[in-house]
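K.L.:
this one's sequence-less:
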């Protein structure tokens, strides 16, 4: 090539990227983007998530790092909708992504098409994240769980009407306590329709005013229990007014529904056993309580008999009739005073009414008189009711006191066949020991209806023969 000659034909446009035809920054970034996509295509990349941002548009933005290097990543809404878990900082993942350059900023990045967690499956991670979320809402808290009723009469059963769980529960209920009312809500327990069907069953039975609800399902593969690991089922259990018992799967299975239930059982049969006590055991307990009750009542009756005996032997007992008589007189006097006061008050009220009637006789005062007369009548009626109520109350008190005193009266004892012996006179000292007497001494024997005079002829000491 001679000096001054152009390196390309003057009739052709110079190639891009030369000094004569330089690239713009946008063209450069787009060329690098095309080069990376063409050279690498889609690749699998492993690393740890950091600076995760979930945009309100639905796109995910984050950084992937291996501890030494990092790369910016974007996963758009159409792709991330297939991911079953929510990305979190520090989570180890495996990405399928295409390399490229974000042209406006010239920034190298990965556009992610798929994401998988490393170390455990996506379903397990999604379940763990849902469990943590529901726990943070307080749906698994122990303080919100309610005790089961000790003797339920009406049970609600939510399960498949064709499953073995229904037969197992009914068999246990018939064996332990036949005759209970069981209301069944048949639901689908597996598949896409199962969560909504289970929620409807729970809500329908919760409105029926039952004592307890049983949510049960037989065993199966872990994925068969997926309906009981959904947020809608957990929230429906927590929202129930009726206590809920779950028996889902086998002993090794533990679903989110079990965490939300008031009580969880290992199997459907065990759930029925937890809810209903065995009739034979209840009968045994009732028999034990009956024996204890009889023992307590006998002890109380013995104590009451002792107190009655002590009251009968009290020295002040002979003075009881006198006290009753005095109390009766005081009550009678108080009653007479109340009646006199009532009569006087009513008489004064009537006199005042008569006086006012005479004063207000003119026609122009008639309307005013009628109003005052009505007011006065109301006052008299209210006063009469008050006095009558007070008089009735005092009469009731008097009757209660008389009844109480008469229950302690020795006359009542004499009426049951006993006799009272006094020395000297009928009101003399009471004889309670033969050592106080001498042959030939006069006694007065008082019975329920009268008294008799007797002479002591012979004395008999307690537990000994005759005394001469």
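P.N.:
That came through, no problem. Here the structure is a predicted model, which is why all the values come from computation and not from measurement.

K.L.:
what's the helix or strand containing residue 95 in contact with?
P.N.:
Using DSSP states H and E, residue 95 sits within strand 92-102. The contact list for strand 92-102, computed with CB atoms under 8 Å, 6 or more residues apart in numbering, reads 29-30, 32-33, 36-37, 40-49, 64, 72-73, 87, 107-119. Every residue, glycine included, has its C-beta placed from N, CA and C.

K.L.:
Buried ones among these?
P.N.:
29, 33, 45, 47-49, 64, 73, 87, 109-117 (16 or more other CB atoms under 10 Å).

K.L.:
can you tell me which of the residues you listed are in strands?
P.N.:
Secondary structure from DSSP state E places 45, 47-49, 64, 73, 109-117 of the buried ones among the contacts of strand 92-102 in strands.

K.L.:
what's the farthest-apart pair in those residues?
P.N.:
Across those, the longest distance by CB to CB is 21.4 Å; it joins 109 and 117.

K.L.:
Would you pull up how far the longest helix seen in the chain lies from the middle of the chain?
P.N.:
Looking across the chain with DSSP state H, the single longest helix is helix 366-408. In terms of CA atoms, centre = their mean, to the nearest Å, the centre of helix 366-408 is found 47 Å from the chain centre.

K.L.:
Against which helices or strands is that helix packed?
P.N.:
helix 320-359 (3 or more CB pairs under 8 Å, 6 or more residues apart in numbering; DSSP states H and E).

K.L.:
pLDDT on the helix it packs on, on average?
P.N.:
The average pLDDT within helix 320-359 is 82.

K.L.:
so what secondary structure elements neighbour that helix?
P.N.:
helix 366-408, helix 410-414.

K.L.:
The same query, at a cut-off of 7 Å, please.
P.N.:
Other elements packing on helix 320-359 under the criterion 3 or more CB pairs under 7 Å, 6 or more residues apart in numbering; DSSP states H and E are helix 366-408.

K.L.:
what's the angle from the helix it packs on to helix 320-359?
P.N.:
Relative orientation of helix 366-408 and helix 320-359, computed by axes from the mean of the first three to the mean of the last three CA atoms, to 10 degrees: 180 degrees.

K.L.:
Please work out the average pLDDT along helix 366-408.
P.N.:
Rounded mean pLDDT across helix 366-408 is 83.

K.L.:
heads up, I number from 893, so please use that
P.N.:
Okay, residue one is now 893; in that scheme the one you just asked about reads as helix 1258-1300.

K.L.:
now do the same end-to-end measure for stretch 1026-1035.
P.N.:
Stretch 1026-1035 stretches 15 Å from its first residue to its last (CA to CA, to the nearest Å).

K.L.:
Touching it from outside, list them.
P.N.:
The contact list for stretch 1026-1035 (CB atoms under 7 Å, 6 or more residues apart in numbering) reads 1036, 1123, 1126-1127, 1130, 1148, 1151-1152.

K.L.:
quick one: contacts for the closest residue to residue 921 other than its chain neighbours?
P.N.:
Leaving aside its sequence neighbours, residue 921 sits nearest to residue 995 (CB to CB, 6 or more residues apart in numbering; 4.1 Å). Each residue near residue 995 by CB under 7 Å, 6+ apart is listed here: 918, 921-922, 925.

K.L.:
end-to-end on stretch 1126-1140?
P.N.:
End-to-end distance (CA to CA), stretch 1126-1140: 13 Å.

K.L.:
Going by neighbour count, list what's buried in that stretch.
P.N.:
Going by 16+ other CB under 10 Å, stretch 1126-1140 has these buried residues: 1126, 1128-1130, 1132, 1134-1140.

K.L.:
between the residues you listed, which is closest to residue 1079?
P.N.:
residue 1128 (11.5 Å).

K.L.:
how far away is the closest residue to the closest one other than its chain neighbours from residue 1130?
P.N.:
Among residues not flanking residue 1128 along the chain, residue 1091 sits closest, at 4.3 Å (CB to CB, 6+ apart). From residue 1091 over to residue 1130 the distance is 12 Å, taken as CB to CB, to the nearest Å.

K.L.:
Residue 1140 contacts residue 1147, doesn't it?
P.N.:
Yes - using CB atoms under 7 Å, residue 1140 is in contact with residue 1147, at 5.3 Å.

K.L.:
need the contact list for the most centrally placed residue in the chain.
P.N.:
Central residue of the chain (CA atoms, centre = their mean): residue 1038, 6.0 Å from the mean position. Applying CB under 7 Å, 6+ apart to residue 1038 gives the contacts 1135, 1154.

K.L.:
In three-state terms, label it for me.
P.N.:
At residue 1038 the chain is in coil, as set by DSSP: H, G, I helix; E, B strand; the rest coil.

K.L.:
For it, what are phi and psi?
P.N.:
Note on residue 1038: its backbone torsions stand at phi -110, psi 150 [degrees, to the nearest 10].

K.L.:
ok, now residue 967?
P.N.:
Per-residue torsions, residue 967: phi -130, psi 110 (degrees, to the nearest 10).

K.L.:
which residues does the closest residue to it other than its chain neighbours contact?
P.N.:
Spatial nearest neighbour of residue 967, chain neighbours left out: residue 1004 (3.9 Å); criterion: CB to CB, 6+ apart. Residue 1004 makes contact with 965-967, 971, 987, 989, according to CB under 7 Å, 6+ apart.

K.L.:
Reformat these as CSV; add distance to residue 1278.
P.N.:
Shown next, in CSV, are these (distance: CB to CB, whole Å):
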residue, distance to residue 1278
965, 91
966, 90
967, 87
971, 88
987, 92
989, 95
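
K.L.:
Could you name every residue contacting both of residue 1140 and residue 1147?
P.N.:
Common neighbours of residue 1140 and residue 1147 (CB under 7 Å, 6+ apart) are 1117, 1120.

K.L.:
low pLDDT regions in the stretch 993-1142 of the chain?
P.N.:
1011-1016, 1070-1071, 1113 (pLDDT under 70).

K.L.:
which residues of it fall in helices?
P.N.:
Applying DSSP state H, counting those that start in this stretch to the stretch 993-1142 of the chain gives helices spanning 1014-1028, 1056-1069, 1086-1098, 1123-1131.

K.L.:
which stretch among these comes nearest residue 1075?
P.N.:
Between residue 1075 and the helices of the stretch 993-1142 of the chain, the shortest gap by CB to CB is with helix 1086-1098, which sits at 6.3 Å.

K.L.:
who touches the closest one?
P.N.:
Contacts of helix 1086-1098 (CB under 7 Å, 6+ apart): 1048, 1050, 1075, 1077, 1079-1080, 1105, 1107, 1119, 1122, 1124-1125, 1128-1129, 1132-1134.

K.L.:
Buried subset of these, written for PyMOL?
P.N.:
Of those, the buried ones can be selected in PyMOL as follows, counting by 16+ other CB under 10 Å:
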select buried, resi 1048+1050+1077+1079+1105+1107+1119+1122+1125+1128+1129+1132+1134
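
K.L.:
Where strands are concerned, which of the contacts of helix 1086-1098 count?
P.N.:
Those of the contacts of helix 1086-1098 lying in strands (DSSP E): 1048, 1050, 1075, 1077, 1105, 1107.

K.L.:
For those residues, which two are the farthest from each other?
P.N.:
Top of the distance list for these (CB to CB): 1075 and 1107, 13.3 Å.

K.L.:
that older thread, what is the nearest of the contacts of residue 995 to residue 912?
P.N.:
Nearest member of the contacts of residue 995 to residue 912, counting by CB to CB, is residue 918, at 19.1 Å.
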